[in-house]
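Participant: fold the following.
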Amino acid sequence: MLKLTDDGAKITLQGQPNAGDNGMFWFGSALLIGAVAVAMAMSLLSERLAIGALALLIIGSFIFNKQRQKHKKAMSGMISSGTLWVRAGELVHDNLGKRDHIHLADGDKVVLIGDQLQIVDSSDVRKYHINGFESAQEAKATKAILEGQAFSKRHVNIKMNSGQ
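Facilitator: Next up is the predicted model:
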């Protein structure tokens, strides 16, 4: 839902919050089971085998941490729910009380892809991907406001669908 404010707009995104990755859950569960297996191996097997099992657990933990960091980095620029406060050159994402202030740099571009927006830097590397808009018009209005175009209530054209 889009509401015009004095200096921009307030947009409520309709998308689902970023879900956790099931693969990471299962890998973490396997790591926990591995830790229990290592504890059992240390009490039941010879020292050599117990040390080998512990080494496998350490390697598994290292791989898990690397994958988790990679996933976290990939999901950091995804915005699909919450409220956006949009002004020329900046936006504030308010999601469950956590506010992120996003300022567009001089070389940043706002790209409209259907009813989604991408903010890319001067070398076309994605910084943010915003979805969850009610319509393509909302995404288009957000892009226009970010790029500095001024809107007033007389510029707004609202069409109501009966849903039939």
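Participant: now the top helix by length along the chain, how far from the centre of its chain.
Facilitator: For the chain, the helix with the greatest residue count under DSSP state H is helix 47-75. Relative to its parent chain, helix 47-75 has a centroid offset of 25 Å by CA atoms, centre = their mean, to the nearest Å.
Participant: helix or strand right after it?
Facilitator: Counting by DSSP states H and E, the next helix or strand C-terminal to helix 47-75 is strand 78-79.
Participant: the helix or strand hosting Phe25 - what's its average pLDDT?
Facilitator: Using DSSP H and E, Phe25 sits within helix 22-44. For helix 22-44, the mean per-residue pLDDT is 82.
Participant: who does that helix touch, helix- and strand-wise?
Facilitator: helix 47-75 (3 or more CB pairs under 8 Å, 6 or more residues apart in numbering; DSSP states H and E). Yep, even glycine has a C-beta here, placed from its N, CA and C like the rest.
Participant: packing partners of the helix it packs on?
Facilitator: Applying 3+ CB pairs under 8 Å, 6+ apart, one finds that helix 47-75 makes contact with helix 22-44.
Participant: what's next to the helix it packs on, contact-wise?
Facilitator: Applying CB atoms under 8 Å, 6 or more residues apart in numbering, the external contacts of helix 22-44 come out as 49-50, 53-54, 56-57, 60-61, 64, 67-68, 71.
Participant: hmm, try it at 10 Å
Facilitator: With contact meaning CB atoms under 10 Å, 6 or more residues apart in numbering, helix 22-44 is reached by 21, 45, 49-58, 60-61, 63-65, 67-68, 71-72.
Participant: return the members of these classed as buried.
Facilitator: 50, 53, 57, 60, 64 (16 or more other CB atoms under 10 Å).
Participant: Leu117 contacts Asn131, correct?
Facilitator: Yes - the criterion here is CB atoms under 10 Å, and Leu117 meets it with Asn131 at 7.8 Å.
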